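Asks: predicted model, plus sequence, below.
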Amino acid sequence: MDPQQLAQMMSSMGFSPEDLAGMMSQFNANTSANGLGSMGDLLRGITAPRRSGVAAPRGGPPSLSFNSSPEEVAAYKDWFEKDSKKPPVPGPAIPRTTLLASQEMSRRQQEEVERTPETTTYQTRFTVIGFPKHSCMLQSHELEPTSVVAIQTIIEDIDGDARILSIYNFPTTLLSRLSYIDVLFPLGVTMAILEPTYKAATQGPNAIIRVDSPTDIVFLDPTHELLRGVHWKTGPRVSSFSAWPSDADRWKARGNDHFKAGRWLPSAFAYSYGLRCDPTSLVLRLNRSESYLRLKFYTAASADAHHVRCAAGVTDAYRDKALYREAKAEYGRGHYQIAQILFKQRRSSHPDDSESAGWVDRCDKRLREGQSGAYDWMQLFKQSQNDPHLDVADYKGPIEVRQMSNRGGGRGVAAIEDIRVGDLLVVEKPFSYASSNIKESGVIQMTLNMLTSRMDKQSQSTNVACATQVLYGNPDLDDRVFHLYAGPEYPAPPPTYPPRPVSDPVELDPLSPTQRIDMAKLESICTHNNFSPMPLQPHDPFTPISAPGIDSSTALYTYTSMFNHSCSPNANYIFLGNVIVIRASCSIKAGQEVTIAYISPHQPYTERRDTLATAWHLPAVCDCAQCQDDRVDGAANLRHREEILATLSGGLLRRPLEELQALEKKLSATYAPTRGPRRLAMYNVHHVIAEHLRASYSMAAMNRAIQEDIKALECLGLTVLKGAPARSVSRSKSKKRRDVELMVEVDHLGYVPEEAIAPMLRIAQSYIFFDDLTNILGWLKTAQWGKHNPGTTL
Ligand SMILES: C[S@@+](CC[C@H](N)C(=O)[O-])C[C@H]1O[C@@H](n2cnc3c(N)ncnc32)[C@H](O)[C@@H]1O
């Protein structure tokens, strides 16, 4: 997003220019504040040795802000690449008191923001993603601590050498309040950080220890064997370290307090500490399963509930609760058959419980949707207006993933039988979804993505954190995400998709997760596969726009990520809430590749090529029909066309007819003679010529006006029928049914652009001049159809 786009976005959201100026200056003065960056006192911890050399920073990076020019971004990237090749050296020592003082100040500022959110200006945060980093891929028992440090935002080693610690992507901490972070990372808690990265801060003078992956953090009890024999220079414990429960019952009570206050992850932590004291406790596991359900950690919830349900000697009451929780967790995992069996078991022991009967019905619906693609579209549309998260099953039509030559990642989607226009191909809930609302959150997060050299939208970086959270709580989904295409820097993914599902739930100990999330790869996967859901809206349902109150949204879909791009695709997608629905936009033969458009096919060729190359790493030569056509036109013609279009910014309507006709000739000459009628750049010229002709109000001119508007429609890619009508559409009049013909081809349900409606209506109006009722009704009907067919019919 460039500064101009940002300014436009802000003003469309109701920010004044003064607001924007305030944000910019505040941003430049502010360093990389994050939630943890505002904590005051000390935590303690242990670092594992870095397994590979990550250069400690020497000399600061070029400064960056969200109004940095592409050259400044390139300079930063250049610095970063050079800097990361330097051998590691010790970082500069910064007095502990200096760091603590600045930390205290940050905290006070943050507290002020929380106290008076309405009077505080927007907080700006800036960070960088998409650089190589070292998420530990080893198990924690392989830890070999070489240095002992006190961990919080300021950490120090046993000799008192102080550093800043930044933890990114820790589940549930996004935009959370200080009081919540204090609970999650209480003062004095000891953690082992596996393979931290020591790097220059994006802003400000001080280097930071950065931990990107939450699975690189292991929480240690004071009695942990790693801490045996460790002597802290600052004394055996941090002064404000609060009492540490030493038995399972106290941990249970603490967990229950957190749970009652809606602090789900801290409650799961407390139950997990309790389980360290008493690994056989069923009540702790049962309680933890409910905390996990609230966090949507379905796999972890199912594992705990299953453990309790099947434990020897479990009481009926516990078994009952565990059964219900396991059933809900399996439902959350999309295992509707298993969930239904469990809900039925519950119903048979509680015949009067209407809730479990309701769950059995819901499972029935999901099973039907997943098998036959039979959805209640209207109901879903209505629900999506209140909540983007819809309770639906995923569906896959007659398609499969195959190896495709010349495609990044090597795979693509192909039809396994002949598909008709409009057929449903995919319905998929997002793996992760993030939306942002700057006004509500009061935070502007700018993220430089080193993989694309572009600024990510706020929701893009948030979505990485959301995907991390889903993986953290559902470790069985690892392959579903890590078998996606991760960009040219990573080895090709496996040739098939989806991976075999893991049926047995995997247990999660949040204090010492055994799974490892490779954050650099996850960032790259999100970059190469993300979508911006723009849900259908009620007032103008066929013009997708952002939902009210949402500035941007980003989602990762897994199966959908298998579709390759084409600028003239044969499938279209829309969003109901955050659920993606893909349909065939024309007939597709068995074996043919099914493609979707990642970007608007209406952009000029060079813009499409550049966006596809930088944002999607598509090869310089896209082999779709539209790009081939554009290449046949030739670079000089494409350039010339853009130059002509650039001169038209003042609009066309006021220009004399002769000038327009000359313009039409000039533009036409930029298209190769072999090209068909689809010439997007010429739509408007034809339509404006038609308007001029119409103004003269003669029979001949009116006829020519109709022909010019037909050309305008053909330039937009529509096939106007000159012979047999496309389809009969019935309408009732005086109880008799009369058929009205559509005037354009409907075999290809490509996106009917908004621009097509005006020429259609004007043609209908022009036929009034000729008293031609068939054409008047036909074109009115066609305009109505066009308005209601943005490429897919539900
Ligand atoms: C969302 S993935 C599509 C699935 C991918 N081909 C796979 O095997 O996982 C996006 C990546 O596929 C490749 N890709 C998509 N469309 C392409 C096209 N038309 N030509 C070449 N590569 C394409 C690019 O590398 C792009 O970054």
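Replies: Now that the structure is in, tell me what you want to look at.
Asks: contacts, neighbours, all on C-alpha from now
Replies: Fine.
Asks: got the phi and psi for residue 193?
Replies: The phi/psi pair for residue 193 (degrees, to the nearest 10) reads phi -110, psi 120.
Asks: how deep is it tucked in, by neighbour count?
Replies: By the criterion of other C-alpha atoms under 10 Å, residue 193 has 28 neighbours.
Asks: surely residue 775 touches residue 769?
Replies: No: when contacts are counted by C-alpha atoms under 8 Å, residue 775 is not listed as touching residue 769 (11.2 Å).
Asks: okay, those two: which has more neighbours?
Replies: It is residue 775, of residue 775 and residue 769, that has more neighbours when counted by other C-alpha under 10 Å, with 21 against 14.
Asks: so how far is residue 700 from the more buried one?
Replies: 17 Å (C-alpha to C-alpha, to the nearest Å).
Asks: run through the stretch 451-600 of the chain and note the low-pLDDT ranges.
Replies: Within the stretch 451-600 of the chain, the segments meeting pLDDT under 70 span 537-551.
Asks: interface residues of it facing the ligand?
Replies: Counting by C-alpha under 6 Å from any ligand atom, the residues of the stretch 451-600 of the chain close to the ligand are 484, 485, 528, 529, 561, 562, 563, 564, 565, 566.
Asks: residues in contact with residue 554?
Replies: 433, 434, 435, 459, 460, 463, 530, 531, 532, 533 (C-alpha atoms under 8 Å, 6 or more residues apart in numbering).
Asks: tell me if it really is in a strand.
Replies: Yes: per DSSP: H, G, I helix; E, B strand; the rest coil, residue 554 lies within a strand segment.
Asks: excluding chain neighbours, what is closest to it?
Replies: Of all residues not flanking residue 554 in the chain, residue 532 sits nearest, at 4.5 Å (C-alpha to C-alpha, 6 or more residues apart in numbering).
Asks: go on, residue 114?
Replies: residue 177 (7.4 Å).
Asks: so what's the one you found scoring on pLDDT?
Replies: Looking at residue 177, its pLDDT stands at 78.
Asks: for residue 39, same thing?
Replies: You'll see residue 39 listed with a pLDDT of 29.
Asks: how about stretch 251-266: buried residues?
Replies: Within stretch 251-266, the residues scored as buried using 16 or more other C-alpha atoms under 10 Å are 251, 252, 253, 254, 255, 256, 258, 259, 263, 264, 265, 266.
Asks: so which elements touch the helix or strand harbouring residue 462?
Replies: Using DSSP states H and E, the element containing residue 462 is helix 458-473. For helix 458-473, the packing partners by 3 or more C-alpha pairs under 8 Å, 6 or more residues apart in numbering; DSSP states H and E come out as helix 298-310, strand 432-436, strand 443-449, helix 519-529, strand 552-556.
Asks: mind exporting the third one as PDB, just the C-alpha atoms?
Replies: What follows is strand 443-449, C-alpha atoms only, in PDB (Å, rounded to 0.1, in the frame of the first residue of the first chain):
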ATOM      1  CA  VAL A 443      -3.700   0.800  16.500                       C
ATOM      2  CA  ILE A 444      -2.200   1.100  13.100                       C
ATOM      3  CA  GLN A 445       0.100  -1.800  12.400                       C
ATOM      4  CA  MET A 446       2.400  -1.400   9.400                       C
ATOM      5  CA  THR A 447       4.300  -4.500   8.300                       C
ATOM      6  CA  LEU A 448       7.000  -4.500   5.700                       C
ATOM      7  CA  ASN A 449       6.900  -7.800   3.900                       C
END
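Asks: and that strand, what does it pack against?
Replies: strand 123-129, strand 454-456, helix 458-473.
Asks: where does the stretch 51-200 of the chain have low pLDDT?
Replies: Those would be 51-61, 65-67, 88-91, 117-126, 131-161, 188, 200, if you go by pLDDT under 70 across the stretch 51-200 of the chain.
Asks: the stretch 201-350 of the chain: helices as residue ranges?
Replies: Remark: helices assigned in the stretch 201-350 of the chain by DSSP state H, counting those that start in this stretch are 248-260, 264-277, 282-294, 298-310, 316-332, 336-349.
Asks: tell me the angle the fourth one makes with helix 458-473.
Replies: It stands for helix 298-310. Comparing the axes of helix 298-310 and helix 458-473 via axes from the mean of the first three to the mean of the last three C-alpha atoms, to 10 degrees yields an angle of 20 degrees.
Asks: who touches helix 298-310?
Replies: Contacts of helix 298-310 (C-alpha under 8 Å, 6+ apart): 282, 285-286, 288-293, 314, 318-320, 322-323, 325-327, 329-330, 332-333, 473-476, 504-508.
Asks: please identify the buried residues of it?
Replies: Using 16+ other C-alpha under 10 Å as the test for burial, helix 298-310 gives 298, 299, 300, 301, 302, 303, 304, 305, 306, 307, 308, 309.
Asks: out of these, which is nearest to residue 170?
Replies: residue 300 (16.9 Å; C-alpha to C-alpha).
Asks: would you agree residue 473 is in contact with residue 294?
Replies: No: judged on C-alpha under 8 Å, residue 473 makes no contact with residue 294 at a distance of 11.1 Å.
Asks: which of the two has more residues huddled nearby?
Replies: Ranked by neighbour count (other C-alpha under 10 Å), residue 473 and residue 294 place residue 473 first, with 25 against 17.
Asks: inside helices: which ones of the residues of the stretch 451-600 of the chain next to the ligand?
Replies: Mapping these onto helices (DSSP state H) picks out 528, 529.
Asks: which one of the residues of the stretch 451-600 of the chain next to the ligand is nearest residue 407?
Replies: residue 564 (7.6 Å).
Asks: what residues does the chain put near the ligand?
Replies: 406-412, 484-485, 528-529, 561-566, 616-619, 622.
Asks: among those residues, which are located in strands?
Replies: 411, 412, 564, 565 (DSSP state E).
Asks: tell me which of these is nearest to residue 62?
Replies: residue 565 (35.8 Å).
Asks: report the separation between residue 473 and residue 338.
Replies: According to C-alpha to C-alpha, residue 473 stands 20 Å off from residue 338.
Asks: quick one on the thing from earlier: any idea which of the helices and strands packed on strand 443-449 is most buried?
Replies: Most buried of the helices and strands packed on strand 443-449, by mean neighbour count (mean count of other C-alpha atoms under 10 Å): helix 458-473, with a mean of 25.
Asks: what does that one rub up against?
Replies: Here helix 458-473 makes contact (C-alpha under 8 Å, 6+ apart) with 169-172, 174, 214-215, 292, 295-300, 431-436, 444-447, 477-478, 508, 515, 517, 522-523, 526, 552-556.
Asks: okay, strands next: where are they in the stretch 501-650 of the chain?
Replies: Counting by DSSP state E, counting those that start in this stretch, the stretch 501-650 of the chain has strands at residues 530-531, 552-556, 564-565, 571-576, 579-584, 593-596.
Asks: before we move on, the earlier item: okay, the helices and strands packed on strand 443-449 in TSV with distance to residue 575 next?
Replies: Output for the helices and strands packed on strand 443-449, formatted as TSV (distance: least, C-alpha to C-alpha, whole Å):
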stretch	distance to residue 575
strand 123-129	27
strand 454-456	21
helix 458-473	17
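Asks: closest one to residue 426 among these?
Replies: Using C-alpha to C-alpha, the helices and strands packed on strand 443-449 put helix 458-473 closest to residue 426, at 21.0 Å.
Asks: following element in sequence after that closest one, please.
Replies: helix 478-482.
Asks: in what helix or strand does residue 498 lie?
Replies: Assigned by DSSP H and E, residue 498 falls outside every helix and strand.
Asks: hmm, it is touching residue 560, no?
Replies: No: with contact defined as C-alpha under 8 Å, residue 498 does not reach residue 560; the gap is 10.6 Å.
Asks: who has more neighbours out of those two?
Replies: More neighbours surround residue 560 than the other of residue 498 and residue 560, with 23 against 17 (other C-alpha under 10 Å).
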